[in-house]
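Q: Next input, structure requested:
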Amino acid sequence: MVEEVIYNKLLEFIEEDMPFGDLTTNILIPESTTVKARIVAKQKGIVACIEEVVYFMRKLGLEVDPRVRDGEEVDRGKTVIEVVGPARTILSIERVVLNLLMHCSGIATEVRKLVELVRRVNNRVKIAATRKTLPGLRYFEKKAVQVGGGDAHRYSLSDAVLIKDNHISIIGNLEEAIKTARSKTSFIHKIEVEVSTVEDAIKAVEYGVDVVMLDNMKPEEVARVIEELRKRGLRDRVLIEVSGGITPDNILEYAKLDVDVISCGYITMSSRHIDMSLDIVEVVKK
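A: Below you'll find the predicted structure:
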């Protein structure tokens with residue numbers, strides 16, 4: 001089950017945080033103590049990975065009442081999750097759970113802002129993540145992107161063929177790389193190629209790739225690629241993705257063009273977290 005994989009991943013995070021137990025909590029808090037606690041948003045944002053955290057807490061034997069769902073916007077002071085159970089368990093998982101929720105909610109919030117921003121000029125373009133994710137957090141970060149209204153892109157190297165500059169450098173030329181990929185790739189996998197010049201973009205489409213990634217191109221260069229593809233009757237044969245150095249400051253320049261996907265590494269690497277806290281609100285039993 002996917003849920004079990006997620007549970008085991010979160011359990012790894014807990015084991016990293018307390019490999020030999022929670023020394024402070026075990027010294028101060030009796031094993032019999034039961035408490036009620038609330039996870040509260042300390043600023044406005046879009047919450048993400050609530051489902052995963054709730055599942056994890058319940059697997060640990062806690063009574064959990066989620067007050068919001070993934071994708072909801074919350075205001076400062078809003079209770080996100082209420083939980084009742086052994087104080088030792090709740091205190092020991094507090095930091096890991098909060099870190100995950102804050103980080104993922106920050107990503108979802110940033111993606112939602114970008115999606116709403118580009119919709120003003122282009123309703124068709126997708127905002128996508130990249131593989132620039134933190135080790136161990138890829139599932140959660142990609143989930144947060146989707147919760148925010150974006151596209152996860154590849155979850156792993158096994159999802160699609162994406163021919164990058166280093167592949168081409170080793171093979172020798174773009175044409176040979178694409179021909180080899182097409183001859184060996186299953187029908188179910190798409191082939192994408194990363195290019196940095198107008199000439200290579202046109203060649204890639206002529207060689208029959210499914211997606212062309214225009215990497216680190218300025219908006220005027222992207223516009224030229226699109227214009228050249230139209231002239232040759234090739235534009236409708238390919239999806240155009242732009243990537244590299246795209247931020248909220250310049251994203252509209254790309255969104256105004258006839259592109260299909262805008263991928264941004266910064267949404268997973270640089271989004272600011274949404275602050276949250278876990279507060280004990282009642283000692284049910286000492």
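Q: list the buried ones in the longest strand anywhere in the chain?
A: With residue count as the measure and DSSP state E as the assignment, the chain has strand 276-285 as its longest strand. If you call a residue buried by 16 or more other Cβ atoms under 10 Å, then strand 276-285 has these buried ones: Met276, Leu278. (C-beta placed from N, C-alpha, C; glycine too.)
Q: Show me what that strand is packed up against.
A: The elements that strand 276-285 packs onto, with contact taken as 3 or more Cβ pairs under 8 Å, 6 or more residues apart in numbering; DSSP states H and E, are strand 34-41, helix 87-118.
Q: That one - what's its average pLDDT?
A: Per-residue pLDDT values over strand 276-285 give a mean of 95.
Q: Tell me which strands that strand pairs with, and in which orientation.
A: Paired neighbours of strand 276-285 in the sheet (DSSP bridges): strand 34-41 (antiparallel).
Q: Show me what the mean pLDDT comes to for the strand it pairs with.
A: For strand 34-41, mean pLDDT is 98.
Q: Check which element follows that strand along the chain.
A: Once the chain leaves strand 34-41, the next helix or strand it forms, by DSSP states H and E, is strand 45-46.
Q: Excluding its own residues, what touches that following strand? List them.
A: Applying Cβ atoms under 8 Å, 6 or more residues apart in numbering, the set of residues contacting strand 45-46 from outside is Gly71, Glu72, Glu73, Val74, Ser105, Gly106, Ala108, Thr109, Arg112, Val147, Gly148, Ile274.
Q: got it, and stretch 201-208?
A: Applying Cβ under 8 Å, 6+ apart, the external contacts of stretch 201-208 come out as 174-175, 178-179, 182, 193, 195, 212, 214, 225, 228-229, 232, 234, 237-238.
Q: again, 10 Å this time
A: Outside stretch 201-208, the residues that touch it by Cβ atoms under 10 Å, 6 or more residues apart in numbering are 163, 173-179, 181-182, 191-195, 197, 209-215, 217, 221-222, 224-226, 228-229, 231-232, 234-235, 237-238, 240.
Q: can you check stretch 172-184 too?
A: Taking contacts as Cβ under 10 Å, 6+ apart, the residues outside stretch 172-184 that touch it are 161-165, 167-171, 189, 191-193, 195, 197, 199-200, 203-204, 206-209.
Q: Now do that stretch: distance to the chain's middle.
A: 30 Å (Cα atoms, centre = their mean, to the nearest Å).
Q: cool, and stretch 228-236?
A: Distance of stretch 228-236 from its chain centroid, counting by Cα atoms, centre = their mean, is 32 Å.
Q: quick one: average confidence on that stretch?
A: If you average the pLDDT values across stretch 228-236, you get 95.
Q: what comes up buried for that stretch?
A: Buried positions in stretch 228-236, judged by neighbour count with 16+ other Cβ under 10 Å: Glu228, Leu229, Leu234, Arg235.
Q: Next, give phi and psi for the nearest residue to the last one once chain neighbours are set aside.
A: To tie it back to what came earlier, the one meant is Arg235. Distances taken as Cβ to Cβ, 6 or more residues apart in numbering place Leu229 nearest to Arg235, at 4.3 Å, with adjacent residues excluded. Here is the backbone geometry of Leu229 (degrees, to the nearest 10): phi -70, psi -40.
Q: is it true that Leu229 touches Ile240?
A: Yes: in this structure, Leu229 sits in contact with Ile240. The criterion is Cβ atoms under 10 Å, and the distance is 8.1 Å.
Q: Now the common contact residues for those two.
A: Counting by Cβ under 10 Å, 6+ apart, the residues touching both Leu229 and Ile240 are Ala201, Val205, Val212, Asp258.
Q: Strands of the chain, start to end?
A: Applying DSSP E to the chain gives strands spanning 34-41, 45-46, 63-66, 73-74, 79-86, 126-128, 161-163, 191-195, 211-215, 239-243, 261-263, 276-285.
Q: Can you give the contact residues for the longest strand of the chain?
A: 30, 32-43, 45, 47, 74, 78-87, 90-91, 93-95, 97-99, 101-102, 105.
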